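>>> got a sequence here, can you model it:
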Amino acid sequence: MAQTTKEYTFSTTDVNKTPIITAQTFFVAENSDSGTTVRIVPAPDADGDKLTFSITAGNNSPRGLWSDGTV
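Numbering: from 1, shown residues only. So this is what the prediction gives:
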């Protein structure tokens, strides 16, 4: 029986890894001064990508979340 040998080349593609952010709830006093830091959210990104944040629930005021993470 004859044998056949084949050579294969495999390559891998680096995939974007998801940042690690745990669920958190923040509270701030109603009459807090403008610019008050409520909480700093640690969100390491294994790829070193710039992170952006958004409020997805409970945002019933005209204020919002700016691209730098500031409310």
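
>>> all contacts plus neighbour counts: C-alpha atoms, from now on.
Noted.

>>> and the contacts of stretch 9-25?
Val41, Pro42, Ala43, Pro44, Asp45, Ala46, Asp47 (CA atoms under 8 Å, 6 or more residues apart in numbering).

>>> are any of these buried, and which?
Buried by 16 or more other CA atoms under 10 Å: nothing, out of those.

>>> in CSV, list those residues along with pLDDT, distance to Glu7 and secondary structure.
Supplementary listing: the contacts of stretch 9-25 in CSV, determined by pLDDT from 0 to 100; distance: CA to CA, whole Å; DSSP: H, G, I helix; E, B strand; the rest coil:
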residue, pLDDT, distance to Glu7, secondary structure
Val41, 78, 49, coil
Pro42, 80, 46, coil
Ala43, 80, 43, coil
Pro44, 79, 40, coil
Asp45, 82, 37, coil
Ala46, 82, 34, coil
Asp47, 83, 33, coil
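
>>> low-confidence stretches in this protein?
54-55, 57-71 (pLDDT under 70).

>>> in what helix or strand does Phe27 lie?
Of the helices and strands defined by DSSP states H and E, none includes Phe27.

>>> can you tell me the closest non-neighbouring residue to it?
Distance criterion CA to CA, 6 or more residues apart in numbering; nearest residue to Phe27, sequence neighbours excluded, is Val38 at 7.3 Å.

>>> could you report the neighbour count for the one you found?
Val38 is flanked by 13 other residues according to other CA atoms under 10 Å.

>>> centroid residue for the chain?
Centroid check for the chain by CA atoms, centre = their mean gives Pro19 as the closest residue, at 4.6 Å.
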